[in-house]
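Asker: the sequence and its predicted three-dimensional model are supplied below.
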Amino acid sequence: MYYVSTRNKQDRCTAAQAIARGLAADGGLMTPEVFPKLSPNGLNTMRDMSYQQRAVFIMNSYLDDFTSFELSTYASKAYGGNKFDAKEVAPVRQVDPSTYCLELWHGPTCAFKDMALQMLPHLLTASLKKNQESKTVCILVATSGDTGKAALEGFRDVDRTRILVFYPKDGVSAIQELQMNTQEGGNVGVCSVVGNFDDAQTGVKKLFSDEILREQLAEREVFLSSANSINWGRVLPQIVYYVSAYCDLLRDEKIQKGDPINVCVPTGNFGNILAAYYAKEMGVPIHKLICASNSNNVLTDFIRTGQYDRNRTFYNTMSPSMDILISSNLERMLFALCEHDDSQVREYMSQLNATGMYKVGPNIQTKLSKIFAAGYCDDAQTQKVIGRMWKEHSYLIDPHTAVAFDVLDQYRQESGDATPTVVVSTASPFKFCDSVLGALGVTELAEGTAILDQLSELTGVPVPAPLAALKNKNVRFQNTVSKEHMVDKVLEMLS
Ligand SMILES: *Cc1c(COP(=O)(O)O)cnc(C)c1O
């Protein structure tokens, strides 16, 4: 199977090349040329498999240049041992007779990014070997919180890799900052940047296009790469948990073979929900994909009207991982919707670049509204939902997950659609203690890591072990640089 750029179908490469490259030279995203289909009995075959076995089964159909043996080695390293605190890895919890919650935060950093970032380092290092690349790869990450920690944990002590994470000095939660600055591993570096997330992100982008830096690194046998969600090696492991959730529902006889389900996904960069779309394309009976946004509701408007318009106010919300106005993985969705018409995708992307907006034609708009439903939820409503879920179901959820539950409610009321629905839960509530405590009516918040115990004592829900362990960890990094000096940090780390 070959991978092509969404902006130029003539640019074809193997899976290992697509993963090593991250982004196509023309700025497009590497995407499978043809999507594999599950065999009629595929879902039944996977019913009684472990999560790791399901991961091998699915990933195998996308990665011809990897053997099943290789993939099962990676799957047990990524999801086995005691890396995840749930033996199901991605457990499905029933909330009411027709609503389920797919918990994706049982990994080492308590956010759904672990599902992909525990796998990506194995795929990437193996891809480099297959491509006979002899240099060391240095992963640069700009993060608003969750990705940085998940990438550090995924790449820590992985052979022939270095990782350096930049986060905005005043743009991450105290727990998130502590998680990063206590990171262990011999190949890791963490540094804050004066400014907001955009400053960190722009700074990292500049590093990637810095020719002098590239030459200096080449002399040291190092090249730069990215762990962003545009890399195919991050999207693929995410397809697995949608298939896995369906198999769990089959196994537990909550649904029968062929029964449709809906999925509702709290969305930012469109990576997570795109993986759900690919699962549907493979043959998982998914009826509607419900796209949930916070007040940064650019995707809600796009799905409802066909017009994408990023020219709007940016809000800092209590679901910060969804505070995004340019959803980069939407490009892969457009490529699918216009049946791989690369010139059409190029046109939309250049309009987005030039004017901040584009509008799809009626044909694409019809397809879009057939596959997706969309809605959004503001902070006040998010808090109410956290409070209500706790009161009615004794179920503690984080603000991102709460956005999804609210949008599902809205969708059900508007459409009357009673299809059983899987709501995707993307972070442990303990990552966002202050918002969650606020939603439960607490006004006096404890300082530092004591806030973890405060939430645990109030609810009786135990603090996840990786967060509880923060109390006893040494702070290893206390670096801050200005945007202009990020390049010095990279050189310093690699010297
Ligand atoms: C990254 C993230 C999201 C958004 O996922 P996308 O793939 O960018 O849509 C949602 N919730 C949490 C907690 C996240 O970390």
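Answerer: Great, that's in hand.
Asker: OK, contacts around residue 390?
Answerer: Residue 390 sits next to 396, 439-440, 459 when contact means Cβ atoms under 8 Å, 6 or more residues apart in numbering. Quick note: C-beta positions are derived from backbone N, CA and C, even for glycine.
Asker: for those residues, which two are the farthest from each other?
Answerer: 439 and 459 (11.4 Å; Cβ to Cβ).
Asker: coming back round to it: just the contacts of residue 390 now: which is nearest the ligand?
Answerer: residue 396 (14.6 Å; Cβ to the nearest ligand atom).
Asker: wasn't that closest one part of a helix?
Answerer: No. Residue 396: not assigned to a helix; according to DSSP: H, G, I helix; E, B strand; the rest coil it is coil.
Asker: hang on, it packs against residue 439?
Answerer: No. Look at residue 396 against residue 439 with Cβ atoms under 8 Å: they stay out of range, at 9.8 Å.
Asker: which residues touch residue 182?
Answerer: Contact analysis of residue 182 by Cβ under 8 Å, 6+ apart lists 470, 473-476.
Asker: what residue in the stretch 51-200 of the chain comes nearest to the ligand?
Answerer: residue 146 (3.5 Å).
Asker: what's the neighbour count on that residue?
Answerer: Residue 146: 26 surrounding residues under other Cβ atoms under 10 Å.
Asker: let's see the pLDDT reported for the closest residue to it other than its chain neighbours.
Answerer: Leaving aside its sequence neighbours, residue 146 sits nearest to residue 111 (Cβ to Cβ, 6 or more residues apart in numbering; 4.1 Å). pLDDT, residue 111: 94.
Asker: same thing with the one 5 residues further on?
Answerer: As predicted, residue 116 sits at a pLDDT of 97.
Asker: going by secondary structure, it is in what exactly?
Answerer: Secondary structure assigned from DSSP states H and E places residue 116 in helix 113-117.
Asker: do that helix and the ligand meet at all?
Answerer: Yes. Helix 113-117 lies within reach of the ligand by Cβ under 6 Å from any ligand atom, at residue 113.
Asker: quick one: the worst-scoring helix or strand of the chain on mean pLDDT to chain centroid distance?
Answerer: Ranked by mean pLDDT, DSSP states H and E, the weakest helix or strand in the chain is helix 197-208, scoring a mean of 84. Mean-position distance between helix 197-208 and its chain equals 19 Å (Cα atoms, centre = their mean, to the nearest Å).
Asker: helices or strands up against that helix?
Answerer: strand 136-142, strand 161-168, strand 188-193, strand 222-226, helix 486-494 (3 or more Cβ pairs under 8 Å, 6 or more residues apart in numbering; DSSP states H and E).
Asker: any idea which of these scores lowest on pLDDT?
Answerer: Lowest mean pLDDT of the helices and strands packed on helix 197-208: strand 222-226, a mean of 89.
Asker: tilt between that strand and strand 161-168?
Answerer: Orientation check (axes from the mean of the first three to the mean of the last three Cα atoms, to 10 degrees): strand 222-226 against strand 161-168 gives 50 degrees.
Asker: can I get the CA coordinates of the helix or strand following strand 222-226 in CSV?
Answerer: Once the chain leaves strand 222-226, the next helix or strand it forms, by DSSP H and E, is helix 232-251. Taking Å, rounded to 0.1, in the frame of the first residue of the first chain, the C-alpha atoms of helix 232-251 are listed here in CSV:
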residue,chain,number,x,y,z
TRP,A,232,0.4,9.2,9.9
GLY,A,233,2.1,7.3,12.7
ARG,A,234,-0.1,9.2,15.1
VAL,A,235,-3.4,8.8,13.3
LEU,A,236,-3.1,5.0,12.7
PRO,A,237,-2.9,3.9,16.4
GLN,A,238,-6.0,6.0,17.0
ILE,A,239,-8.1,4.0,14.5
VAL,A,240,-7.5,0.9,16.7
TYR,A,241,-9.5,2.1,19.7
TYR,A,242,-12.7,2.8,17.7
VAL,A,243,-12.6,-0.7,16.3
SER,A,244,-11.7,-2.0,19.7
ALA,A,245,-14.7,-0.3,21.3
TYR,A,246,-17.1,-1.8,18.8
CYS,A,247,-15.6,-5.3,19.5
ASP,A,248,-16.0,-4.8,23.3
LEU,A,249,-19.7,-3.9,22.8
LEU,A,250,-20.1,-7.0,20.6
ARG,A,251,-18.3,-9.2,23.1
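Asker: buried residues, helix 232-251. List them.
Answerer: Using 16 or more other Cβ atoms under 10 Å as the test for burial, helix 232-251 gives 232-250.
Asker: which SSE is immediately downstream of that helix?
Answerer: Past helix 232-251, the next helix or strand by DSSP H and E is strand 261-266.
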